[in-house]
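Mind looking at a prediction? Sequence and model below.
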Amino acid sequence: DQQVKQNSPSLSVQEGRISILNCDYTNSMFDYFLWYKKYPAEGPTFLISISSIKDKNEDGRFTVFLNKSAKHLSLHIVPSQPGDSAVYFCAARHPTGNQFYFGTGTSLTVIP
Amino acid sequence: EAQVTQNPRYLITVTGKKLTVTCSQNMNHEYMSWYRQDPGLGLRQIYYSMNVEVTDKGDVPEGYKVSRKEKRNFPLILESPSPNQTSLYFCASSFSNGATQYFGPGTRLLVL
C-alpha cells in the first residue's frame, strides 16, 4: 500500500506563474520529507527537504510546506521556468532504519 | 567529480540467468540504497545499507540480494531473474542519515 501519494500525475503551468505540487502521506512516524526532480534518462536529483519539526523551508524559487495534521506537503516553484519541466517525486523517511518511501511522481510542464 | 556509477546501463537477459548490477560511489558515503522505478508505482526501495556489512530490506526485497563488503560498492544481485523484475533500477548514496541521496543514472533491465 502506497504510504506516500502524489495524486496528480501531471501539471501544466505558464512560464512565470506559480507551480504547486502536492503530496500526501499516511504514516505519522515519518520524520523527514524531500523533493527530488528527475529528467528523462537521468537519475533523480535532490531539490529541497524539510524536517517534521518545521512547517516551511525555502531555497530560492523553491518552497516546501508541511502540514503535519493533514499529513500533506507541497512544493511551490515561483516563478516557474521552462527548465523546471521534469518529473517531481516527494519522499519520506521513516526514522527506524532510515527507510525511504517515494510517491509516484508528478510530471510538470512549464509552457514558455 | 562526485558521482554514483552503475553498470551496466542497459541489460536484456532471460528468466533464471543470474545477474549482478554494480554500483559504486566516490563520495565516502555511509548510506547506499537500491530502488526500482515502475510506471504508476514511483520509486520503491529494494535494499539499503547504513554502512559496511550492514544491510536491511526495503519495501520490495523479494528476489534480490545485496552485499556491502566495501564502503564504495553496493552490488544488486538477481539470483534467478523473472519477467516481473523488468524495471528501471537506481542506486543511490548519501551520508549517514540518508536524507540527501545522490542517484546514479539508472540501469534498465528487461527479463524475457
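Arrived safely.

centroid residue for chain B?
B:Trp34 (3.1 Å; C-alpha atoms, centre = their mean).

How about the secondary structure of that one?
strand (DSSP: H, G, I helix; E, B strand; the rest coil).

Quick check: it touching B:Thr20?
No. Counting by C-beta atoms under 8 Å, B:Trp34 sits too far from B:Thr20 to count as a contact (11.9 Å). Quick note: C-beta positions are derived from backbone N, CA and C, even for glycine.

And the residue in chain B positioned nearest to chain A, how close does it get to B:Asn28?
Closest residue of chain B to chain A, C-beta to the nearest C-beta: B:Phe103 (3.1 Å). B:Phe103 sits 17 Å away from B:Asn28, going by C-beta to C-beta, to the nearest Å.

more crowded one of these two?
Taking neighbours as other C-beta atoms under 10 Å in any protein chain shown, B:Phe103 and B:Asn28 compare with B:Phe103 leading, 22 against 10.

quick one: contacts for the closest residue to that one other than its chain neighbours?
Leaving out its chain neighbours, the residue that sits closest to B:Phe103 by C-beta to C-beta, 6 or more residues apart in numbering or on different chains is A:Gly43, at 3.1 Å. By C-beta atoms under 8 Å, 6 or more residues apart in numbering or on different chains, A:Gly43 lies in contact with B:4, B:90, B:92, B:103-106.

could you redo the last one with a cut-off of 10 Å?
A:Gly43 makes contact with A:36, B:3-4, B:6, B:35, B:37, B:88, B:90-92, B:101-106, according to C-beta atoms under 10 Å, 6 or more residues apart in numbering or on different chains.

Just the buried residues from those residues, in PyMOL please.
Entered in PyMOL, the line below selects the buried ones among the contacts of A:Gly43, by 16 or more other C-beta atoms under 10 Å in any protein chain shown:
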select buried, (chain A and resi 36) or (chain B and resi 4+6+35+37+90+91+92+101+102+103+104+106)
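
what sits against A:Ser51?
A:31-33, A:57, A:66, A:93, B:99.

give me that answer again for 6 Å
A:Ser51 is in contact with A:Tyr32, counting by C-beta atoms under 6 Å, 6 or more residues apart in numbering or on different chains.

hmm, back to that, measure the residue of chain B closest to chain A to B:Leu88 for me?
11 Å.

ok, now A:Lys54?
32 Å.

now swap in B:Asn73 and tell me
From B:Asn73 over to B:Leu88 (counting by C-beta to C-beta), the distance is 21 Å.
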